[in-house]
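[1] Pasting the sequence and the predicted model now:
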Amino acid sequence: MNDKKFALRLLFKRFLLSIPFFLLSLWLFIPLSFTKAFFAPLPLIIVAFLLVEPLSLLVSNPVGSIFNPKSVSREINLGFSVIEARIMDGMYEEALDMLKKMICMDPGRLEIYMRIMNLAVKDMKQPEIAKDAFHTGIKNLKNLRKRKILAFEYRELMALCRDTHDYEKDTNTVPSC
């Protein structure tokens, strides 16, 4: 909300600064002489440069929409949540159950599968769970790019697991961390 207020204040200040340049441009256009008309667009360019930043801040402000400020994103944010708090407290099974419930609510979210795989390999030391999450993700994700990202992450986690514990490079078995 503060970003919107800042952008509106900036727009107001710059609008006041741009008024003289706009009037100068009009004054240069009115007599229709070639020399004055040639320089008439220059003040308009200054006006555009003054107003473009606050207008772009208002339109592309990631905090909210100026047209519908009460709109709320329906996406679940995994940045810091109850699940992350459970993981920090060492309650991995509870966090895993919550993540699995999230899959039921939104099976197309790549981040959920990646978080389950990371939790299973790095914290729980159970790569079988990561393997199940990987296969479920490949089955549920419709976007080819998301599938490739998931496959890359799974390969990296399995390689990390093998490297950490010096397992043989047998691709038919899943190492237990």
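    The structure has been received and is ready for your questions. Numbering: from 1, shown residues only.

[2] Could you use CA atoms for every contact and neighbour count after this?
    Fine.

[3] Identify each buried residue in stretch 99-116, please.
    For stretch 99-116, the neighbour count (16 or more other CA atoms under 10 Å) marks Leu99, Lys100, Ile103, Pro107, Gly108, Arg109, Leu110, Ile112, Tyr113, Met114, Arg115, Ile116 as buried.

[4] so of those residues, which ones are in helices?
    Under the assignment DSSP state H, the buried residues of stretch 99-116 contribute Leu99, Lys100, Ile103, Leu110, Ile112, Tyr113, Met114, Arg115, Ile116 to helices.

[5] Now for those residues: which two are most distant?
    With distances taken as CA to CA, the most widely separated pair in these is Lys100 and Leu110, at 12.7 Å.

[6] After the lowest-mean-pLDDT helix or strand in the chain, which helix or strand is next? Please name it.
    Across the helices and strands of the chain, mean pLDDT, DSSP states H and E gives its lowest value to helix 34-39, namely a mean of 71. Downstream of helix 34-39, the first helix or strand assigned by DSSP states H and E is helix 41-60.

[7] what separates that next one from the chain centre, distance-wise?
    Chain-centre distance of helix 41-60: 26 Å, with CA atoms, centre = their mean, to the nearest Å.

[8] any idea of the mean pLDDT in that helix?
    Mean per-residue pLDDT for helix 41-60: 81.

[9] can you check stretch 104-121 too?
    Stretch 104-121 comes out with an average pLDDT of 92.

[10] what's the first-to-last distance across it?
    Start and end residues of stretch 104-121 are separated by 22 Å (CA to CA, to the nearest Å).

[11] just checking, what packs against the longest helix that the chain contains?
    Of all the segments of type helix in the chain, defined by DSSP H, the longest one is helix 2-29. Under the contact criterion of 3 or more CA pairs under 8 Å, 6 or more residues apart in numbering; DSSP states H and E, helix 2-29 touches helix 34-39, helix 41-60.

[12] Export the ones you listed to a markdown table and append columns for mean neighbour count.
    Shown next, in a markdown table, are these (neighbours: other CA atoms under 10 Å):
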| stretch | mean neighbour count |
| --- | --- |
| helix 34-39 | 13 |
| helix 41-60 | 16 |
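
[13] quick one: which of these is nearest Phe22?
    For the helices and strands packed on helix 2-29, the distance to Phe22 is smallest for helix 41-60, at 6.1 Å, taking CA to CA.

[14] What are the structural domain limits within the chain?
    2-60, 82-165 (automatic domain parsing).
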